[in-house]
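> Give the three-dimensional model of this entry:
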Amino acid sequence: MNDAVTLSALTFGAQAFVTLFVILDPPGAAQSF
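Got it, this is the predicted structure:
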């Protein structure tokens, strides 16, 4: 149960990070992919 909660938290964190990363779109970030 604890592992499931941790996985959910990490998934939510990853989605939030990617969302902010795309919204902010710092210069040169697209070139790294």
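> Burial check on residue 23, number of neighbours?
Counted with other CB atoms under 10 Å, the neighbours of residue 23 add up to 7. Backbone N, C-alpha and C define where each C-beta goes, glycine included.
> Mind pulling the model confidence for it?
For residue 23, the pLDDT comes out at 80.
> just use 603 as the starting number from now, easier for me
Sounds good: first residue 603 from here, last item residue 625.
> Check the gap between it and residue 605 for me.
30 Å (CB to CB, to the nearest Å).
> Please apply the same query to residue 622.
Here residue 622 is placed at a distance of 26 Å from residue 605 (CB to CB).
> Give me the more crowded residue out of the two.
residue 622 (10 against 7).
> Just the element for that one, please.
helix 604-626 (DSSP states H and E).
> Can you tell me how far residue 622 is from residue 629?
Distance from residue 622 to residue 629, by CB to CB: 16 Å.
> again with residue 611
From residue 611 across to residue 629, the span is 31 Å (CB to CB).
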